[in-house]
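S.K.: please find the sequence and the predicted model below.
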Amino acid sequence: MELRKAVLSDIEALCRLLTEFFAYNADLQPMYCNAAIGDREYPESIIESDDSDFLVAVADGIIVGFIHINTMKTPPYNAVVPYNYAEIMAFMVTAKYRNAGIGLKLINYAKEWSKDRNLEYIELNSLSNATEANSFYDKYNFDTVSYIRRCIL
(Lines give C-alpha, C1' and ligand atoms only; values in the text may rest on other atoms or scores of the structure.)
Protein backbone atom coordinates (compact mmCIF):
# COMPACT_ATOMS: atom_id res chain seq x y z
CA MET A 1 0.00 0.00 0.00
CA GLU A 2 1.16 3.51 -0.83
CA LEU A 3 0.35 6.78 0.94
CA ARG A 4 0.78 10.04 -0.95
CA LYS A 5 -0.73 13.42 -1.75
CA ALA A 6 -3.36 13.34 -4.46
CA VAL A 7 -2.55 14.76 -7.87
CA LEU A 8 -4.82 16.04 -10.61
CA SER A 9 -4.87 12.67 -12.37
CA ASP A 10 -6.53 11.23 -9.21
CA ILE A 11 -9.65 13.38 -9.52
CA GLU A 12 -11.92 10.74 -11.10
CA ALA A 13 -11.04 8.21 -8.41
CA LEU A 14 -11.55 10.84 -5.70
CA CYS A 15 -14.95 11.73 -7.17
CA ARG A 16 -16.00 8.06 -6.92
CA LEU A 17 -14.87 7.89 -3.30
CA LEU A 18 -16.53 11.22 -2.48
CA THR A 19 -19.80 9.90 -3.93
CA GLU A 20 -19.50 6.88 -1.60
CA PHE A 21 -18.62 9.17 1.34
CA PHE A 22 -21.63 11.44 0.70
CA ALA A 23 -23.97 8.42 0.43
CA TYR A 24 -22.63 7.00 3.71
CA ASN A 25 -23.27 10.30 5.51
CA ALA A 26 -26.73 10.65 3.93
CA ASP A 27 -27.64 7.16 5.18
CA LEU A 28 -26.60 8.17 8.70
CA GLN A 29 -28.24 11.60 8.76
CA PRO A 30 -30.61 12.13 5.82
CA MET A 31 -32.03 15.25 7.43
CA TYR A 32 -28.66 17.03 7.09
CA CYS A 33 -26.64 15.16 4.44
CA ASN A 34 -27.33 14.57 0.76
CA ALA A 35 -26.17 11.59 -1.26
CA ALA A 36 -24.45 13.88 -3.74
CA ILE A 37 -22.28 12.98 -6.68
CA GLY A 38 -18.64 13.94 -6.16
CA ASP A 39 -17.72 16.59 -8.71
CA ARG A 40 -14.30 17.62 -9.99
CA GLU A 41 -14.37 21.16 -8.60
CA TYR A 42 -14.01 20.15 -4.95
CA PRO A 43 -10.94 17.85 -5.18
CA GLU A 44 -9.33 19.98 -7.87
CA SER A 45 -9.48 23.09 -5.67
CA ILE A 46 -7.92 21.20 -2.76
CA ILE A 47 -5.13 19.64 -4.84
CA GLU A 48 -4.23 23.07 -6.23
CA SER A 49 -4.31 24.74 -2.80
CA ASP A 50 -1.22 25.57 -0.76
CA ASP A 51 -3.04 25.13 2.57
CA SER A 52 -4.94 21.88 1.94
CA ASP A 53 -4.37 18.41 0.56
CA PHE A 54 -6.08 15.17 -0.19
CA LEU A 55 -3.91 12.46 1.34
CA VAL A 56 -4.66 9.15 -0.36
CA ALA A 57 -4.10 5.46 0.27
CA VAL A 58 -3.47 3.35 -2.84
CA ALA A 59 -3.89 -0.43 -2.73
CA ASP A 60 -4.12 -2.87 -5.62
CA GLY A 61 -3.44 0.06 -7.94
CA ILE A 62 -6.51 2.07 -6.88
CA ILE A 63 -7.23 4.82 -4.37
CA VAL A 64 -9.06 3.13 -1.50
CA GLY A 65 -9.11 5.92 1.07
CA PHE A 66 -8.48 9.59 1.59
CA ILE A 67 -8.23 12.41 4.09
CA HIS A 68 -8.98 15.98 3.08
CA ILE A 69 -6.91 18.10 5.48
CA ASN A 70 -6.61 21.89 5.84
CA THR A 71 -4.37 24.23 7.80
CA MET A 72 -6.38 26.43 10.15
CA LYS A 73 -5.98 29.17 12.77
CA THR A 74 -8.07 29.81 15.83
CA PRO A 75 -10.08 33.06 15.70
CA PRO A 76 -8.06 36.19 16.57
CA TYR A 77 -9.94 37.00 19.79
CA ASN A 78 -8.32 37.75 23.13
CA ALA A 79 -10.50 35.13 24.80
CA VAL A 80 -9.23 32.34 22.52
CA VAL A 81 -5.80 30.77 22.93
CA PRO A 82 -4.08 31.16 19.54
CA TYR A 83 -3.21 27.95 17.69
CA ASN A 84 -2.30 26.88 14.20
CA TYR A 85 -3.87 23.49 13.63
CA ALA A 86 -5.03 21.00 11.01
CA GLU A 87 -8.65 20.20 10.36
CA ILE A 88 -9.76 16.97 8.75
CA MET A 89 -12.66 17.96 6.54
CA ALA A 90 -13.42 14.49 5.15
CA PHE A 91 -11.98 11.05 5.85
CA MET A 92 -12.96 7.75 4.33
CA VAL A 93 -11.74 4.26 3.52
CA THR A 94 -13.91 2.44 1.00
CA ALA A 95 -15.99 -0.37 2.52
CA LYS A 96 -14.03 -3.23 0.90
CA TYR A 97 -10.77 -2.05 2.51
CA ARG A 98 -11.98 -1.15 6.01
CA ASN A 99 -10.58 -2.85 9.10
CA ALA A 100 -7.23 -3.48 7.38
CA GLY A 101 -5.25 -0.70 9.10
CA ILE A 102 -5.55 1.77 6.21
CA GLY A 103 -7.46 4.34 8.29
CA LEU A 104 -4.75 4.35 10.95
CA LYS A 105 -2.06 4.73 8.29
CA LEU A 106 -3.94 7.69 6.83
CA ILE A 107 -4.31 9.28 10.29
CA ASN A 108 -0.59 8.83 10.92
CA TYR A 109 0.13 10.38 7.53
CA ALA A 110 -2.12 13.32 8.47
CA LYS A 111 -0.15 13.69 11.70
CA GLU A 112 3.12 13.82 9.74
CA TRP A 113 1.59 16.34 7.30
CA SER A 114 0.54 18.49 10.27
CA LYS A 115 3.90 18.26 12.06
CA ASP A 116 5.71 19.22 8.84
CA ARG A 117 3.70 22.45 8.90
CA ASN A 118 4.39 23.08 12.61
CA LEU A 119 0.71 22.69 13.46
CA GLU A 120 -0.21 21.99 17.05
CA TYR A 121 -3.11 19.55 16.78
CA ILE A 122 -5.59 17.93 14.43
CA GLU A 123 -9.30 18.56 14.74
CA LEU A 124 -12.29 16.95 13.06
CA ASN A 125 -16.06 16.81 13.27
CA SER A 126 -17.93 13.53 13.07
CA LEU A 127 -21.59 12.65 12.88
CA SER A 128 -22.92 11.70 16.30
CA ASN A 129 -24.38 8.41 15.07
CA ALA A 130 -21.30 7.33 13.08
CA THR A 131 -20.51 4.74 15.74
CA GLU A 132 -17.78 2.92 13.78
CA ALA A 133 -15.99 6.17 12.96
CA ASN A 134 -16.36 7.55 16.49
CA SER A 135 -14.97 4.32 17.98
CA PHE A 136 -12.00 4.63 15.62
CA TYR A 137 -11.38 8.24 16.71
CA ASP A 138 -11.64 7.28 20.39
CA LYS A 139 -9.20 4.41 19.88
CA TYR A 140 -6.62 6.70 18.27
CA ASN A 141 -6.63 9.53 20.82
CA PHE A 142 -9.08 12.03 19.36
CA ASP A 143 -10.69 13.58 22.44
CA THR A 144 -14.16 15.09 22.43
CA VAL A 145 -13.68 18.77 23.24
CA SER A 146 -17.06 20.21 22.26
CA TYR A 147 -20.53 19.28 21.02
CA ILE A 148 -22.61 20.80 18.27
CA ARG A 149 -26.24 21.06 19.34
CA ARG A 150 -29.25 21.75 17.11
CA CYS A 151 -32.73 22.85 17.96
CA ILE A 152 -35.17 22.16 15.13
CA LEU A 153 -37.62 25.04 14.68
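M.R.: Received, thanks. Numbering: from 1, shown residues only.

S.K.: once you drop chain neighbours, what's closest to residue 124?
M.R.: Closest residue in space to residue 124, ignoring its immediate chain neighbours: residue 88 at 3.9 Å, by Cβ to Cβ, 6 or more residues apart in numbering. All C-beta spots, glycine's among them, are computed from the backbone N, C-alpha and C.

S.K.: the one you found in helix, strand or coil?
M.R.: Of the three states, residue 88 takes strand according to DSSP: H, G, I helix; E, B strand; the rest coil.

S.K.: report the contact partners of it.
M.R.: 67, 68, 69, 110, 122, 123, 124 (Cβ atoms under 8 Å, 6 or more residues apart in numbering).

S.K.: next, residue 148: phi, psi?
M.R.: phi -100, psi 130 (degrees, to the nearest 10).

S.K.: coming back round to it: just give me the closest of the contacts of residue 88 to residue 40.
M.R.: Using Cβ to Cβ, residue 68 is the member of those that lies nearest residue 40, at 14.4 Å.

S.K.: ok so the closest one is a strand residue?
M.R.: Yes - assessed with three-state DSSP, residue 68 lies in a strand.

S.K.: got a winner among the contacts of residue 88 for most neighbours?
M.R.: Within these, most neighbours by other Cβ atoms under 10 Å means residue 69, with 28 neighbours.

S.K.: what's across from that one in the sheet?
M.R.: Bridge pairing for residue 69 (DSSP bridges) gives the partners residue 53, residue 88.

S.K.: isn't it up against residue 53?
M.R.: Yes - assessed by Cβ atoms under 8 Å, residue 69 is found in contact with residue 53 at 5.8 Å.

S.K.: so how many other residues sit close to residue 74?
M.R.: Residue 74 has 12 nearby residues by other Cβ under 10 Å.

S.K.: could you do the one 5 residues further on as well?
M.R.: Using other Cβ under 10 Å, residue 79 has 5 other residues around it.

S.K.: also the one 10 residues further on?
M.R.: In terms of burial, residue 89 registers 16 neighbours under the definition other Cβ under 10 Å.
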